[in-house]
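*Asks:* Starting from these lines, generate the structure:
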Amino acid sequence: MYTLHALTDTRNTDVIVLRTLLLASAVWIFLSGTSAADWFRYAAALVLLLLALLARFLLMRTTVGYHRIVMLGALLLLAATRNLYHAPLFVLFASLPRFFYGDAQIRISDVGVALPGLIRRKQHAWSQLSNLILKDGLLTIDFVNNRLVQLPLDGSKNSVDEFAFNDFCRKQLSVHQNGNTG
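*Replies:* Numbering: from 1, shown residues only. Coordinates of the predicted model:
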């Protein structure tokens with residue numbers, strides 16, 4: 001059995017979560033206003049809207065981290081609503097997706113290939129695969145239905161002999177393909 005660790009890039013999910021929370025917070029601030037003269041409330045909502053619009057740029061192209069933006073959003077929400085429950089809920093909802101990321105382990109055994117999923121692993125039998133190759137830190141899985149999955153592997157966590165791994169996969173594929181046709 002082989003266990004490989006894929007590289008995980010969670011930035012796209014972070015952008016979606018962050019934009020949703022920032023937009024929801026801005027709307028909440030607008031709707032929870034009690035007086036029309038509360039300029040700080042509207043300024044904070046405007047800053048949250050700008051952060052939501054710039055979230056992709058801030059996360060992908062600058063050194064501003066996800067947690068800094070979350071903390072800024074939580075502080076603005078706390079200051080604008082003056083409610084002690086909104087900011088911790090904001091931070092909690094921003095942290096929840098991190099629990100679903102999990103460890104991106106790919107497990108290859110005699111039974112088949114288990115790929116990581118959002119909530120549970122997806123098991124694929126060898127009969128569903130037409131080819132599986134590890135080359136230069138890139139795992140390529142070719143399915144019988146012409147679906148192709150390529151996963152870059154984390155070199156610091158994987159110490160697999162490519163030749164032995166590819167030989168194991170080739171043998172499993174030939175055994176399971178011959179077993180299904182004969």
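*Asks:* which sections of this protein are below the confidence cut-off?
*Replies:* Regions of the chain meeting the criterion pLDDT under 70 cover residues 9, 33-37, 101-103, 118-119, 179-182.
*Asks:* 50 instead?
*Replies:* Confidence mapping of the chain against pLDDT under 50 gives the ranges 181-182.
*Asks:* domains in it, as residue ranges please.
*Replies:* Split into domains by automatic domain parsing, the chain comes to 11-101, 103-181.
*Asks:* Turn the ones you listed into a markdown table, columns for mean neighbour count.
*Replies:* In this view, the C-beta of every residue, glycine as well, is placed from N, C-alpha and C. Formatted as a markdown table, those follow (neighbours: other Cβ atoms under 10 Å):
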| stretch | mean neighbour count |
| --- | --- |
| domain 11-101 | 16 |
| domain 103-181 | 14 |
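*Asks:* list the contacts for residue 25?
*Replies:* 45, 48, 73, 76, 77, 86, 90 (Cβ atoms under 8 Å, 6 or more residues apart in numbering).
*Asks:* picking up where we left off before, any idea which of the domains of the chain gets closest to residue 4?
*Replies:* Proximity to residue 4 (Cβ to Cβ) singles out domain 103-181 among these, at 4.4 Å.
*Asks:* out of the contacts of residue 25, which are inside strands?
*Replies:* Of the contacts of residue 25, none are assigned to strands by DSSP state E.
*Asks:* Among those, give me the pair with the biggest separation.
*Replies:* Between any two of these, the greatest separation by Cβ to Cβ is 13.7 Å, found for 45 and 90.
*Asks:* what's the next secondary structure element after whichever strand or helix holds residue 95?
*Replies:* Element membership for residue 95 (DSSP states H and E) is helix 86-101. Downstream of helix 86-101, the next assigned helix or strand under DSSP H and E is strand 105-108.
*Asks:* so what secondary structure elements neighbour the helix or strand just after that next one?
*Replies:* Scanning forward in sequence from strand 105-108 by DSSP H and E, the next helix or strand is strand 112-115. Helices and strands in packing contact with strand 112-115 are listed as strand 105-108, strand 122-125, strand 129-135; criterion 3 or more Cβ pairs under 8 Å, 6 or more residues apart in numbering; DSSP states H and E.
*Asks:* Understood, closing this out.
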